[in-house]
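1. no FASTA, just this:
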């Protein structure tokens with residue numbers, strides 16, 4: 001049907017755009033203040049680029065076929081695209097690189113949300129070439145700053161550590177490790193109980209599923225596991241990070257070592273930003289550390305550490321819609337310029353341009369004809385236009401304030 005948008009697509013009307021821009025502008029201001037610079041990558045990517053980091057199932061990628069039999073897909077997320085760009089185009093760049101994006105991504109009926117929506121809007125950051133406590137803290141505090149800039153107070157941060165969780169999973173037999181992982185990720189205690197495991201491993205799996213709550217309690221539980229030196233170092237780092245974040249005291253922190261992202265390239269901390277939507281938890285964004293992703297795109301497989309997050313503009317919009325913070329109307333024009341007769345048209349266009357060239361941004365509309373003076377005034381009132389200027393052929397004008 002030619003009058004309908006494509007399945008999974010949608011149109012944004014002027015008010016939708018104004019509200020979306022309200023969110024994006026505030027996030028962009030935060031990114032700028034933290035020293036991040038915008039990067040724009042291609043909407044189209046080679047399928048081998050998209051799949052290199054195993055960030056998404058192939059069947060969720062909207063694929064295209066070219067005449068040269070090259071497999072292409074619409075980007076389902078931005079991190080892989082930015083990793084490719086940095087490795088291939090910024091190889092001589094000085095690190096760290098602080099990059100942010102504001103873009104659309106495409107996923108085939110991803111999680112079947114938003115009426116089978118397939119196009120989504122995201123904003124996020126990537127901090128490349130930096131590792132350690134300060135880099136991790138910067139990204140988490142930046143995410144917090146973003147939520148504060150949007151006026152959201154009812155949210156919390158769920159923090160996990162992919163390296164610790166994956167290393168603890170190594171205790172399970174390889175043939176059922178993925179089942180254990182999925183059961184823990186879905187908090188499925190019934191599946192855990194039905195797995196062919198010995199008593200000790202059953203107990204460990206149940207404890208891993210319960211590694212969620214106050215940071216002190218969770219860190220105490222994980223410390224009871226027999227940890228090797230690398231695991232202990234990761235736990236110590238996590239403890240230091242939690243102490244630094246809690247010293248800020250600007251948000252609610254939940255430590256969750258059962259948090260297992262579907263994206264496999266995460267190697268260190270992982271996190272979710274969770275807000276409240278009509279009393280229900282709503283994931284507003286997620287991110288984590290990926291220290292081996294950039295090496296997948298490097299010709300010599302050289303790794304560069306990275307960490308980042310994405311915020312869903314669509315989900316932020318849903319949460320903010322209930323707060324009345326978003327614009328409720330589109331911006332009105334400041335002036336309506338009306339030529340008084342055909343001989344005044346050139347002068348009217350000249351006057352309109354003079355107004356537009358003023359030092360302050362103003363919106364100026366031209367009356368395009370067909371209305372009598374009363375119709376002009378009614379149009380201005382309906383559009384909330386503040387002032388009308390009536391222009392004569394000699395360029396002189398009469399200003400009328402619309403009441």
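-> Here it is on my side, so go on. The structure presented is a predicted model; accordingly, all values stated were derived computationally and were not measured.
2. helix or strand next in line after the helix or strand residue 348 falls within, which one?
-> Assigned by DSSP states H and E, residue 348 falls within helix 345-356. Next along the chain after helix 345-356, taking DSSP H and E as the criterion, comes strand 364-366.
3. helix, strand, or coil at the nearest residue to residue 332 once chain neighbours are set aside?
-> Nearest residue to residue 332 in three dimensions, chain neighbours excluded: residue 384, at 4.0 Å (Cβ to Cβ, 6 or more residues apart in numbering). From N, CA and C alone the C-beta is placed, and that goes for glycine too. Put simply, residue 384 is coil when judged by DSSP: H, G, I helix; E, B strand; the rest coil.
4. count of neighbours near residue 399?
-> Other residues within reach of residue 399, judged by other Cβ atoms under 10 Å, total 9.
5. if we can go back for a sec, give the buried residues for the helix holding residue 348.
-> Going by neighbour count (16 or more other Cβ atoms under 10 Å), the buried part of helix 345-356 is 347-348, 351-352.
6. in a markdown table: those residues, plus pLDDT and distance to residue 97.
-> Listed next are these as a markdown table, based on pLDDT from 0 to 100; distance: Cβ to Cβ, whole Å:
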| residue | pLDDT | distance to residue 97 |
| --- | --- | --- |
| 347 | 97 | 52 |
| 348 | 97 | 50 |
| 351 | 96 | 48 |
| 352 | 97 | 44 |
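7. just the residues you listed now: which is nearest residue 5?
-> residue 352 (34.6 Å; Cβ to Cβ).
8. ok so, going back, what number of residues lie near the residue nearest to residue 332?
-> Around residue 384 there are 12 residues (other Cβ under 10 Å).
9. what about it, distance to residue 363?
-> 11 Å (Cβ to Cβ, to the nearest Å).
10. okay, and the common contacts of those two?
-> Listed as contacting both residue 384 and residue 363 by Cβ atoms under 8 Å, 6 or more residues apart in numbering are residue 332.
11. pretty sure residue 150 contacts residue 315?
-> No: using Cβ atoms under 8 Å, residue 150 is not in contact with residue 315; the gap is 11.7 Å.
12. all strands for the stretch 251-400 of the chain, in order.
-> 252-256, 269-277, 280-289, 306-312, 335-339, 364-366, 387-391, 397-401 (DSSP state E, counting those that start in this stretch).
13. so can I have CSV of those showing mean pLDDT and distance to residue 5?
-> As requested, these are exported to CSV (pLDDT from 0 to 100; distance: least, Cβ to Cβ, whole Å):
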stretch, mean pLDDT, distance to residue 5
strand 252-256, 92, 38
strand 269-277, 92, 25
strand 280-289, 93, 25
strand 306-312, 97, 21
strand 335-339, 98, 33
strand 364-366, 97, 29
strand 387-391, 98, 37
strand 397-401, 96, 42
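14. before we move on, what SS does the nearest residue to residue 197 once chain neighbours are set aside have?
-> Nearest residue to residue 197 in three dimensions, chain neighbours excluded: residue 205, at 6.7 Å (Cβ to Cβ, 6+ apart). Following three-state DSSP, the label given to residue 205 is helix.
15. wait, residue 205 sits on residue 195?
-> Yes: using Cβ under 8 Å, residue 205 is in contact with residue 195, at 7.3 Å.
16. and for those two, which residues touch both?
-> Common neighbours of residue 205 and residue 195 (Cβ under 8 Å, 6+ apart) are 180, 183.
17. quick one: low-confidence parts of the protein?
-> By pLDDT under 70, the low-scoring segments of the chain are 1, 55, 67, 110-115, 261-264.
18. stretch 319-331: which residues count as buried?
-> 319-320, 325-326.
19. stretch 80-97 too?
-> 80-87, 96-97.
20. show only the entries of those residues found in helices.
-> Taking DSSP state H as the definition of helices, the buried residues of stretch 80-97 contribute 80-87.
21. hang on, the earlier thing: how far off centre is the helix holding residue 348?
-> 42 Å (Cα atoms, centre = their mean, to the nearest Å).
22. which helices and strands does it pack with?
-> Applying 3 or more Cβ pairs under 8 Å, 6 or more residues apart in numbering; DSSP states H and E, one finds that helix 345-356 makes contact with strand 335-339, strand 364-366, strand 387-391.
23. next, the residues that contact the first one from outside, please.
-> Spelled out, it's strand 335-339. With Cβ under 8 Å, 6+ apart as the test, strand 335-339 has contacts from 345, 347-348, 351-352, 355, 362-367, 376, 379-380, 383, 385-391.
24. count of neighbours near the closest residue to residue 352 other than its chain neighbours?
-> Nearest residue to residue 352, sequence neighbours excluded (Cβ to Cβ, 6+ apart): residue 337, at 4.4 Å. Number of residues near residue 337 (other Cβ under 10 Å) recorded here: 26.
25. show me the beta-bridge partners of residue 337.
-> residue 366, residue 389 (DSSP bridges).
26. ok so, going back, between residue 205 and residue 195, which is the more surrounded one?
-> residue 205 (24 against 15).
27. now the more buried one: how far from residue 385?
-> The value you get for residue 205 to residue 385, if Cβ to Cβ is used, is 66 Å.
28. just residue 217 next, same as before
-> 60 Å.
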